[in-house]
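[1] Any chance you could fold what I've pasted below:
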Amino acid sequence: MRFISSMWSISGLFVLISLSACSTESIHTNFATEQMDLNKHIRLQTFDTSIASLAYELHPSVTLKQTDDAIHLVYEISVTHPTLSMKDVVVSFTLHPTMTVLLDNVNPVTTTVRTDHATHLEPQGSPKSLNVDREFGFAKSSVKPFFKENLLTLYVKVSYLNHGRVVNDYLKISAVPSKELRNYLVNL
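    Reported below is the predicted structural model:
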């Protein structure tokens, strides 16, 4: 499945699991709710920085595309190898707040909540993973030292149902830069 809107896209097949915040509700969310929730947790600094205890693997990456006057960073998060049943999986992420000021009023929140159907991940089922990605453009003139320091930081929320319980994982992680991006950063 591929859904494209303006400069972001979401790819199907994603796996992500954890038991950090649980309740017995269902997942009823929308873009605005995901954005408010991410921003609230950033403000309160309640993101976990360890992915060791997750019931899935999380693979964040960032690649570089360049034009004459801009650089484009493509962020991707893959959730793979779930160890338990994940129903109605929703993955959302945003950039470090210092990066968002460089986006010229572009909303940095990216989420799978805009997809047409729910994604379910099972340890022995299909699909085996879920990916969410988005491309952000930055004017080369805006690339400053804090850009280099914060461009790898992602704030991620993964929500799913496991046996009727809502699980929400809030993670502050570093994306793995591509070789081209690492070379670009060395020359800044």
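
[2] need the strands for this structure, in chain order.
    2-5, 8-11, 21-23, 57-66, 70-80, 87-95, 110-111, 129-139, 153-162, 165-174, 176-177 (DSSP state E).

[3] so which of the ones you listed gets nearest residue 188?
    strand 70-80 (10.4 Å; Cβ to Cβ). C-beta coordinates here come from the backbone N, C-alpha and C atoms, glycine included.

[4] out of the strands of the chain, deepest packed?
    strand 110-111 (a mean of 26; mean count of other Cβ atoms under 10 Å).

[5] Restrict the longest helix along the chain to CA atoms and write it as CSV.
    Taking DSSP state H as the criterion, the chain has its longest helix at helix 31-44. The C-alpha trace of helix 31-44 is given here as CSV (Å, rounded to 0.1, in the frame of the first residue of the first chain):
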residue,chain,number,x,y,z
PHE,A,31,-4.3,13.7,13.1
ALA,A,32,-5.0,16.6,15.6
THR,A,33,-5.1,14.2,18.6
GLU,A,34,-1.8,12.6,17.6
GLN,A,35,-0.2,16.0,17.1
MET,A,36,-1.5,17.3,20.5
ASP,A,37,-0.4,14.1,22.2
LEU,A,38,3.2,14.2,20.8
ASN,A,39,3.5,17.9,21.6
LYS,A,40,2.3,17.3,25.2
HIS,A,41,4.8,14.5,25.8
ILE,A,42,7.6,16.6,24.3
ARG,A,43,6.7,19.5,26.6
LEU,A,44,6.5,17.1,29.7
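
[6] contacting residues around it?
    47, 90, 92-94, 97, 107, 109, 111, 113-114, 155, 157, 170 (Cβ atoms under 8 Å, 6 or more residues apart in numbering).

[7] Over to stretch 141-156?
    Contacts of stretch 141-156 (Cβ under 8 Å, 6+ apart): 38, 41-42, 47, 58, 60, 62, 71, 73, 75, 77, 91-96, 98-99, 102, 138, 169-175, 177, 185, 188.
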